[in-house]
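1. return a 3D structure for these sequence lines:
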Amino acid sequence: MKKVVGVQSIVQQKNVAANLADPTFSAAVISWQKQHGRHKLPWQNTRDAYRIWLSEIMLQQTQVTAVIPYYTRFLVRFPDIASLAAAPADQVMAHWSGLGYYSRARNLHRCAQRICAEYGGVFPADPELLADLPGIGRSTAAAISAFAYGTRAAILDGNVKRVFCRIFGIDGYPGEKPVEQILWHRAEALLPAREMEAYTQGLMDLGATLCTRSRPSCASCPLAQRCIAFATNRVDQLPVRKPKKAIPEKHTAMLVIVDRNQVLLEQRPGIGIWGGLLSLPELDRLAPDRDGSADQASMQAAVTEAIAPFGPLASCERLLPFSHGFTHFKLHVSPYRITLARRLSPAGQINHVWYGIERLAQAPLPAPVRKLLFAVFGEADLLSGGA
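-> Numbering: from 1, shown residues only. Predicted structure coming up:
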């Protein structure tokens, strides 16, 4: 019975694909991409799967302009898959520092190690094998395989979802499984028989340069004549936005503990926010009340207790508070600059390290922590290696 259901399912999928197929769609995308698409990005015009993979991972939820300098520096330090796989994790994180979404860097490192161990350092061409590797989902696997090997495989990243929702008038939030499944059927049915690289890049370029989230350039779009959203004046309504939820807010205090031209840093756990990076010690009890106030006596006592393993308190100065937005919550930070009367031996403090201020510019720090330390010690001095 299971075999019969499986056969019926395959037949139904083929029928859906046949009904949605439209060679003129891919032809229009390919023609536009060749004339007006992007052709000079650093990771284009290559079949090097390593460079293609690196760019695809960096571009997840990050703009091209932000990625390019990181991509360039990353390749200088890790020019191939073998050098990345063999590198210490902290060096990988240091070269990713500031790009955000740090689980990507951890997965990147693990993926490189698996490719070297399981595939002899050569990326597999099969999208299903690629999708089984850390940090590579279905759409990213298809993009890597299409660009590196010309494989006929469908992509469906955020930009492509927006293009399809508008062109075909697809209602519903694209992140919901039923809507996403409809979009995948479209993506697979519309694949061209050849010129996969131009088609795949064309879809990406349309979403990134013309069919943008706000103020799309419909007049320049090669698909405008077939766009249901454009025809029904619903471009600003599609794709349907994610239902809004209240964003949780969290409060913490960061301690900039300084002694002998060094600052105390703490190794973050391997998973979670800023996983694997160095950061400043935090103390939730020091977070101010919602009105921004904090009891001075309680603060002094909490600081004294928190820094006791490292030395007695000499001074404590409250710095300007700041906030940082994550995907799922907003973090409000109250920083304090702490100096010690004398430094104690760091016995038992295996997750803490005294870091030379002159080395902070190269440290694997989260972007807001780096910005805070630049403000405390002077950005120009840190970048030049001075104290």
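
2. tell me the centre residue of the protein?
-> Here the mean C-alpha position of the chain is nearest to the C-alpha of Y101 (C-alpha atoms, centre = their mean), at a distance of 4.1 Å.

3. touching, it and M58? I think so.
-> No. Y101 is not in contact with M58 according to C-beta atoms under 8 Å; the separation is 9.6 Å. Yep, even glycine has a C-beta here, placed from its N, CA and C like the rest.

4. what touches both of the two?
-> When contacts are counted by C-beta atoms under 8 Å, 6 or more residues apart in numbering, Y101 and M58 are jointly contacted by no residue.

5. show me where the stretch 151-300 of the chain has its strands.
-> Counting by DSSP state E, counting those that start in this stretch, residue ranges of the strands within the stretch 151-300 of the chain are 249-259, 262-267, 278-279.

6. any chance of those strands in TSV, plus mean neighbour count?
-> Output for those, formatted as TSV (neighbours: other C-beta atoms under 10 Å):
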stretch	mean neighbour count
strand 249-259	19
strand 262-267	20
strand 278-279	21
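
7. Serialize the ones you listed to CSV and add fields for distance to L183.
-> What follows is these, written out as CSV (distance: least, C-beta to C-beta, whole Å):
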stretch, distance to L183
strand 249-259, 33
strand 262-267, 41
strand 278-279, 38
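
8. make CSV out of the ones you listed and add mean pLDDT and distance to Q201.
-> Rendered in CSV, the data for those read as follows (pLDDT from 0 to 100; distance: least, C-beta to C-beta, whole Å):
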stretch, mean pLDDT, distance to Q201
strand 249-259, 93, 40
strand 262-267, 94, 40
strand 278-279, 94, 37
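
9. C165: which of those strands is closest?
-> Closest to C165 of these, according to C-beta to C-beta: strand 249-259, at 31.4 Å.

10. for stretch 186-198, measure first residue to last.
-> By C-alpha to C-alpha, to the nearest Å, the extent of stretch 186-198 from end to end equals 18 Å.

11. same question, stretch 54-66
-> Separation of the first and last residues of stretch 54-66 by C-alpha to C-alpha is 14 Å.

12. domain parsing for this protein?
-> Dividing the chain into domains by automatic domain parsing, as the record does, gives the ranges 2-231, 249-383.

13. could you tell me the least trusted of those domains?
-> Summarising mean pLDDT across those, the least confident stretch is domain 249-383, with a mean of 85.

14. off-centre distance for whichever strand or helix holds E56?
-> Using DSSP states H and E, E56 falls within helix 49-58. Per C-alpha atoms, centre = their mean, to the nearest Å, the displacement of helix 49-58 from the mean C-alpha position of its chain is 13 Å.

15. and it, what does it pack against?
-> Contact here means 3 or more C-beta pairs under 8 Å, 6 or more residues apart in numbering; DSSP states H and E; on that basis helix 49-58 packs against helix 64-77, helix 103-119, helix 138-149.

16. again, 7 Å this time
-> Where contact means 3 or more C-beta pairs under 7 Å, 6 or more residues apart in numbering; DSSP states H and E, helix 49-58 is packed against helix 64-77, helix 138-149.

17. can you put the ones you listed in CSV and add mean neighbour count?
-> CSV is the format used below for the helices and strands packed on helix 49-58 (neighbours: other C-beta under 10 Å):
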stretch, mean neighbour count
helix 64-77, 15
helix 138-149, 24
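
18. for A117, find the nearest of the ones you listed.
-> helix 138-149 (18.5 Å).

19. that closest one vs helix 49-58, what angle?
-> Angular relation of helix 138-149 and helix 49-58 on a 0 to 180 degree scale: 150 degrees, by axes from the mean of the first three to the mean of the last three C-alpha atoms, to 10 degrees.

20. kindly provide the distance from the residue nearest to the centre of the chain to S217.
-> Here the criterion is C-beta to C-beta, to the nearest Å. By it, Y101 lies 28 Å from S217.

21. before we move on, back to that, which one of the helices and strands packed on helix 49-58 lies closest to W96?
-> Between W96 and the helices and strands packed on helix 49-58, the shortest gap by C-beta to C-beta is with helix 64-77, which sits at 7.3 Å.

22. what's the first helix or strand after that closest one?
-> With elements assigned by DSSP H and E, the helix or strand that comes after helix 64-77 is helix 81-86.

23. flag every buried residue along that next one.
-> When neighbours are counted by 16 or more other C-beta atoms under 10 Å, the buried residues of helix 81-86 are found to be 81, 84-85.
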